[in-house]
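Novice: For reference, the sequence and a predicted model appear below.
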Amino acid sequence: MKVITPDYYPLFHCIASDCPDTCCAGWEVVVDPEAEKRYRALAGPLGERIRTSMGEDEGDCIFTPKEDGRCPFLNKHNLCDIQAALGEEGLCRTCHLYPRFINDFGGTREMGLSLSCPEAAQIILTTPSLPGFSEENHPEILPDLNDLDAGRYFAVKAVRDKVLSMTAEGDVDEALMLSLRLCRKADHRIQEDEPEKAEALCENFDPLHQLEKEKARSEKAKPLCAETVTGELMELLILRDSWRAKLEKASLPEAKIPPLDPGYERRIIQLLVFRYLLKAAYDGRLLARMKFILFSVLSLRILGQGLNQESLRTLTVNYSREVEHCEENMEKLLRKFEKGGHYTAKAFGAQLLP
């Protein structure tokens with residue numbers, strides 16, 4: 001297996017009780033089958049305590065959170081009682097892996113860090129330069145068995161790599177709209193079962209020419225407005241009351257949404273592109289996933305006005321937890337972006353382009 005990671009990936013180490021938040025509250029913890037089997041066979045008081053705390057949600061074994069939303073094994077020091085007793089190898093896969101994520105594509109595995117973790121976000125957002133990507137061969141990891149179509153995979157990968165390149169430099173808004181245009185045109189070719197044409201499109205994509213076309217398309221369109229974006233966020237499943245309060249208090253510019261620091265935005269975009277765009281090789285949602293990235297940038301712009309760097313990182317963590325780490329919310333947004341509605345390429349262009 002070839003394993004690809006961003007350069008900052010090895011820098012992460014959990015800071016445990018020193019973390020300003022905890023990943024052990026606010027979410028259900030899904031227990032993988034192997035860990036469930038170990039826990040059900042575990043003797044002694046801890047084994048009994050674990051089994052008492054195990055429940056079921058839509059066929060998954062979970063640790064049922066307490067009334068305050070905290071994991072039943074998160075003690076008053078914000079440390080895990082299971083890890084304290086059994087070591088890190090005693091954790092279920094969810095807890096052992098987080099905040100790392102894994103995307104498998106046959107003989108290639110991509111791994112990265114999630115913005116929902118404060119320490120991971122600190123690393124991602126404060127690296128002195130945009131990350132490169134490291135490749136290592138791990139023959140001990142068996143290739144993922146799947147029904148991935150090779151033609152579509154290489155087409156989507158070509159698009160993803162082109163988007164990473166375009167969003168790494170130049171004007172952020174122009175790069176986002178060029179990326180959206182590329183994804184729209186490539187998505188059409190892939191849906192028509194012509195993935196080789198999508199790859200050729202990436203090779204021959206002329207940014208200056210394509211940008212002029214996108215400006216012309218968006219010139220008379222109604223911009224995607226801040227009220228629509230925050231209204232969409234309010235309709236999602238909200239995990240914490242503090243997030244609802246943040247949305248309710250958001251200042252909503254009537255026209256253009258002011259950008260934030262380009263370095264900050266570029267790091268967010270690069271992470272989201274790396275993490276989500278290649279998944280379209282499985283589900284075919286290339287355009288919808290690119291719209292999610294633009295939607296995320298606009299959401300953070302609306303909610304991040306006037307914040308210092310530390311507060312902006314906290315906002316980023318909370319957005320990630322509330323939106324991208326909730327499968328129900330992600331699915332709802334992707335369906336919206338597939339339908340278009342308020343979220344047309346022209347509406348994004350009218351908001352982002354001069």
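Specialist: Cool, got the structure. Numbering: from 1, shown residues only.

Novice: what about Gly263, which SS state?
Specialist: Following DSSP: H, G, I helix; E, B strand; the rest coil, we place Gly263 in the helix state.

Novice: Count the neighbours of it for me.
Specialist: With neighbours defined by other CB atoms under 10 Å, the count for Gly263 comes to 15. For glycine as for every other residue, the C-beta is placed from the backbone atoms N, C-alpha and C.

Novice: So it versus Phe295, what's the distance?
Specialist: 21 Å (CB to CB, to the nearest Å).

Novice: Gly69 now?
Specialist: Distance of Gly69 to Phe295, computed by CB to CB: 27 Å.

Novice: The two: which has the busier surroundings?
Specialist: With neighbours defined as other CB under 10 Å, Gly69 and Phe295 compare such that Phe295 has more, 21 against 14.

Novice: Which per-residue confidence value corresponds to the more buried one?
Specialist: Among the per-residue scores, Phe295 shows a pLDDT of 98.

Novice: which helices and strands does the strand or helix carrying it pack with?
Specialist: Following DSSP states H and E, one finds Phe295 within helix 286-304. For helix 286-304, the packing partners by 3 or more CB pairs under 8 Å, 6 or more residues apart in numbering; DSSP states H and E come out as helix 150-166, helix 172-191, helix 226-235, helix 262-276, helix 309-319, helix 327-339, helix 345-352.

Novice: and with 6 Å instead?
Specialist: Using 3 or more CB pairs under 6 Å, 6 or more residues apart in numbering; DSSP states H and E as the contact criterion, the secondary-structure elements in contact with helix 286-304 are helix 172-191, helix 226-235, helix 309-319, helix 327-339.

Novice: CSV please, covering those helices and showing mean pLDDT, mean neighbour count and distance to Glu140.
Specialist: As requested, the helices and strands packed on helix 286-304 are exported to CSV (pLDDT from 0 to 100; neighbours: other CB atoms under 10 Å; distance: least, CB to CB, whole Å):
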stretch, mean pLDDT, mean neighbour count, distance to Glu140
helix 172-191, 97, 21, 33
helix 226-235, 97, 18, 42
helix 309-319, 96, 18, 33
helix 327-339, 96, 15, 30
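
Novice: got CSV for these, with distance to Ile269 too?
Specialist: Written out in CSV, the entries for these read as follows (distance: least, CB to CB, whole Å):
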stretch, distance to Ile269
helix 172-191, 7
helix 226-235, 16
helix 309-319, 12
helix 327-339, 16
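
Novice: right, so of those, which gets closest to Pro128?
Specialist: With respect to Pro128, and counting by CB to CB, the nearest of those is helix 309-319 at 14.1 Å.

Novice: Now find how far off-centre that closest one is within its chain.
Specialist: Centroid separation between helix 309-319 and its chain, computed with CA atoms, centre = their mean, to the nearest Å, is 15 Å.

Novice: Could you name the helices and strands sitting against that helix?
Specialist: With contacts defined as 3+ CB pairs under 6 Å, 6+ apart, the packing partners of helix 309-319 are helix 118-126, helix 286-304.

Novice: which residues touch the last one?
Specialist: Outside of helix 286-304, the residues that reach it under the criterion CB atoms under 6 Å, 6 or more residues apart in numbering are 176, 180, 183-184, 187, 226, 229, 250, 257, 260, 272, 276-277, 280, 312, 315, 333-334, 337-338, 343, 348.

Novice: Tell me how the protein divides into domains.
Specialist: Under the assignment named as automatic domain parsing, the residue ranges that make up the domains of the chain are 24-77, 150-352.

Novice: From one end of the longest one to the other, what's the distance?
Specialist: Meaning domain 150-352. End-to-end distance of domain 150-352 (CA to CA, to the nearest Å): 34 Å.

Novice: pLDDT of the helix or strand containing Arg38, averaged?
Specialist: Mapping Arg38 onto the secondary structure by DSSP H and E places it in helix 33-41. Taken as a whole, helix 33-41 has a mean pLDDT of 93.

Novice: outside of whichever helix or strand comes after it, which residues touch it?
Specialist: Taking DSSP H and E as the definition, the helix or strand that follows helix 33-41 towards the C-terminus is helix 44-53. Helix 44-53 has contacts (CB under 6 Å, 6+ apart) with 39, 63-64, 72, 85.

Novice: Tell me the buried residues in the helix holding Arg38?
Specialist: The neighbour-count check on helix 33-41 (16 or more other CB atoms under 10 Å) flags 35-36, 38-39 as buried.
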